[in-house]
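# below are the sequence and a predicted model; questions follow.
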Amino acid sequence: MYDKKPKIELEGFVLQGWDKIISFISAKNNNSTILIIDCYAGINENELKFNFKKIKHKLFVDTNKLFKTEKKLISLTDRFMTTDVLFGNFTHLSLIDYFDARKLMAIRDKIRKTKGTIIIMGVGASLVEKGNIHIFADMPRWEIQQRMRRKEVKAIGIDNREDAFSLQYKRGYFNDWKMMDKHKRNVYTKVDFWLDSTENNKPKLINRNTFFAGMEKAASSPFRVVPFFDPAPWGGKWMMEVCDLDRSKINFGWCFDCVPEENSLLLSVNNVEFEMPSVNLVYTKSKELLGEPVEARFGKEFPIRFDFLDTMDGGNLSVQVHPTTQFAIENFGLTYTQDESYYLMDAKEDAHVFLGVKTGVNNIEMLNELEKTQIEKEYIFDVEKYVNCIPAKKHDHFLIPAGTIHCSGKNSMVLEISSTPNIFTFKLWDWNRMGLDGKPRPVNITRGKEVIQWNRNTEYVHKQLVNQFTIVAEGNGWREEKTGLHPTEFIETRRHWFSTQVKHQTNNSVNVLNLVEGACVIVESPSNAFLPFILHYAETFIVPAAVEEYTIRPYGESEGKECATIKAYIKF
């Protein structure tokens with residue numbers, strides 16, 4: 001059974017419920033305490049204020065009142081937000097740039113003159129004054145996005161709750177979350193307690209030692225992040241059954257099962273679930289998690305992404321293209337781009353993938369046809385006239401280096417394996433359909449035509465991008481196949497078929513795997529360095545580079561049967 005709430009179990013300090021948390025912090029308080037409650041964007045400010053104000057205090061400081069005016073902050077961030085519907089420029093601002101210098105000076109003077117307990121709460125609270133007790137109220141990005149959709153949260157210093165979700169997300173992605181993560185990386189060793197307020201009025205508190213014990217355990221053993229599922233205009237029904245999702249929903253198109261920037265990490269501390277952004281692990285244990293060579297190349301970024309695209313009984317994805325590396329560097333300030341691949345978890349008989357331009361296509365004619373769809377709203381772009389339509393079956397693997405036109409067709413279940421930059425997609429054609437909000441989804445032909453690699457034609461696609469399988473090793477009851485990716489991509493993928501135990505080495509790179517065939521397997525350490533780890537069909541799991549070696553074998557109902565995993569890692 002697919003586990004939707006995978007946990008990392010450990011023992012430590014944990015409190016749950018506002019009464020216990022406030023009572024505990026009050027007991028640690030004295031007459032000269034400065035209590036810092038540093039907050040990530042997206043927290044429920046009213047809930048936290050209401051409860052922390054129960055602590056006896058002389059002065060309560062709300063950092064929102066120390067920021068520059070909303071008008072000034074909008075002006076300050078205009079260059080990062082741009083006028084583009086989807087894309088901005090990554091901010092180089094820090095949280096301190098949001099504070100009004102005069103207000104900050106005045107409140108610091110007031111703090112110095114105040115006798116008694118002082119509570120400083122909000123985004124950037126630790127920048128106001130050094131505290132005696134430092135709490136960090138963290139928040140996973142996926143939960144922030146749900147709150148954005150419900151119009152519950154503001155941007156930092158700006159009330160944008162009435163903006164379209166896409167604009168709220170854009171401000172978070174390009175500006176607010178970048179500043180917040182930069183700030184958080186500077187306070188990990190200063191924080192005394194971490195607060196999980198993901199569920200309203202169900203807070204949990206852990207201390208610094210418990211936090212780092214969780215990070216240490218995750219960085220030294222296989223683990224899973226918490227997957228999240230989302231509907232899509234083209235979404236299907238496969239995940240509803242396999243992952244046991246809510247059948248009352250119209251569909252589920254996405255599952256993000258390994259995107260640490262947005263996924264949660266769930267610690268089970270003394271059997272109490274504590275949720276936090278999984279990127280905390282990347283920031284605090286990057287060398288152990290990623291491997292030293294990977295960290296040296298990518299810094300504190302997790303460069304591999306696994307997600308599901310479900311079109312079973314759904315529709316085609318948009319016809320799209322990702323920017324080339326040079327375009328990504330020059331236009332978005334990225335150091336790498338979104339190369340990817342489609343691994344077919346399942347497919348109906350009519351499943352297909354659109355990939356690369358057809359040989360002999362007239363470039364200008366095709367672009368004119370695409371642009372015509374933006375002028376004449378009912379005009380139909382003849383995809384099969386210009387783009388290769390390739391039949392797809394279960395366990396096929398289609399490689400999609402940046403610049404390659406592509407689209408997963410209906411009635412397929414795709415495991416998408418890609419590098420991490422996850423919003424830089426240029427849609428060229430979206431089948432004249434509406435998004436879930438009832439509005440057309442943005443198409444970006446202007447940018448797309450600058451990056452299309454016209455040499456990736458029919459011959460190129462079949463020779464280099466479709467099922468590039470090579471057996472690289474085999475033994476009694478197992479074989480290992482190289483399945484990609486393309487030579488221009490920095491991710492390597494290997495598929496193992498096995499009915500007996502298979503040995504794996506991390507080889508100085510984080511490994512990301514999915515069980516693509518078989519009901520259940522067990523991951524074990526030859527040296528008993530970590531506890532056995534059980535995986536079920538379709539679950540994605542991460543093996544930190546520090547693990548070095550591990551084995552996988554069929555388990556439970558899969559014993560004696562052939563199973564298969566697909567593994568991704570960074571090649572050097």
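Sure thing, it's come through. Numbering: from 1, shown residues only.

# give me the domain ranges for the chain.
Under the assignment automatic domain parsing, the domains of the chain span 8-218, 229-262+288-465, 470-570.

# leaving out sequence neighbours, find the closest residue to residue 381.
residue 429 (4.6 Å; Cβ to Cβ, 6 or more residues apart in numbering). Glycine gets a C-beta too; all of them are placed from N, C-alpha and C.

# confidence score at the one you found?
Per-residue pLDDT puts residue 429 at 96.

# for stretch 360-380, C-alpha coordinates in PDB please.
Extracted in PDB, the C-alpha atoms of stretch 360-380 (Å, rounded to 0.1, in the frame of the first residue of the first chain):
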ATOM      1  CA  GLY A 360      11.600  18.000 -42.900                       C
ATOM      2  CA  VAL A 361       9.400  20.400 -40.900                       C
ATOM      3  CA  ASN A 362       9.400  24.000 -42.100                       C
ATOM      4  CA  ASN A 363      10.400  25.900 -39.000                       C
ATOM      5  CA  ILE A 364       8.800  29.200 -40.000                       C
ATOM      6  CA  GLU A 365       5.600  27.500 -41.000                       C
ATOM      7  CA  MET A 366       5.300  25.600 -37.700                       C
ATOM      8  CA  LEU A 367       5.900  28.800 -35.700                       C
ATOM      9  CA  ASN A 368       3.400  30.700 -37.700                       C
ATOM     10  CA  GLU A 369       0.900  28.000 -37.000                       C
ATOM     11  CA  LEU A 370       1.600  28.200 -33.300                       C
ATOM     12  CA  GLU A 371       1.300  32.000 -33.300                       C
ATOM     13  CA  LYS A 372      -2.000  31.800 -35.200                       C
ATOM     14  CA  THR A 373      -3.500  29.900 -32.300                       C
ATOM     15  CA  GLN A 374      -2.900  33.000 -30.100                       C
ATOM     16  CA  ILE A 375      -4.600  35.300 -32.600                       C
ATOM     17  CA  GLU A 376      -7.500  33.000 -33.600                       C
ATOM     18  CA  LYS A 377      -8.700  31.500 -30.400                       C
ATOM     19  CA  GLU A 378     -10.600  28.600 -32.100                       C
ATOM     20  CA  TYR A 379      -7.700  27.700 -34.400                       C
ATOM     21  CA  ILE A 380      -6.300  24.200 -34.000                       C
END
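
# residue 427 falls within a strand, correct?
Yes. Counting by DSSP: H, G, I helix; E, B strand; the rest coil, residue 427 is located in a strand.

# quick check: it touching residue 447?
No. The pair residue 427 / residue 447 is not scored as a contact, 9.9 Å apart, by Cβ atoms under 8 Å.

# would you mind writing the CA trace of the helix or strand of the chain with the lowest mean pLDDT as CSV?
Least confident element among the helices and strands of the chain, by mean pLDDT, DSSP states H and E: helix 325-332 (a mean of 90). Output of helix 325-332 as CSV, limited to C-alpha atoms (Å, rounded to 0.1, in the frame of the first residue of the first chain):
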residue,chain,number,x,y,z
THR,A,325,21.2,26.1,-20.4
GLN,A,326,22.5,29.2,-22.1
PHE,A,327,19.0,30.7,-22.2
ALA,A,328,18.4,29.9,-18.6
ILE,A,329,21.7,31.5,-17.5
GLU,A,330,21.1,34.7,-19.6
ASN,A,331,17.4,35.1,-18.8
PHE,A,332,16.8,33.7,-15.4
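
# alright, that wraps it up for me.
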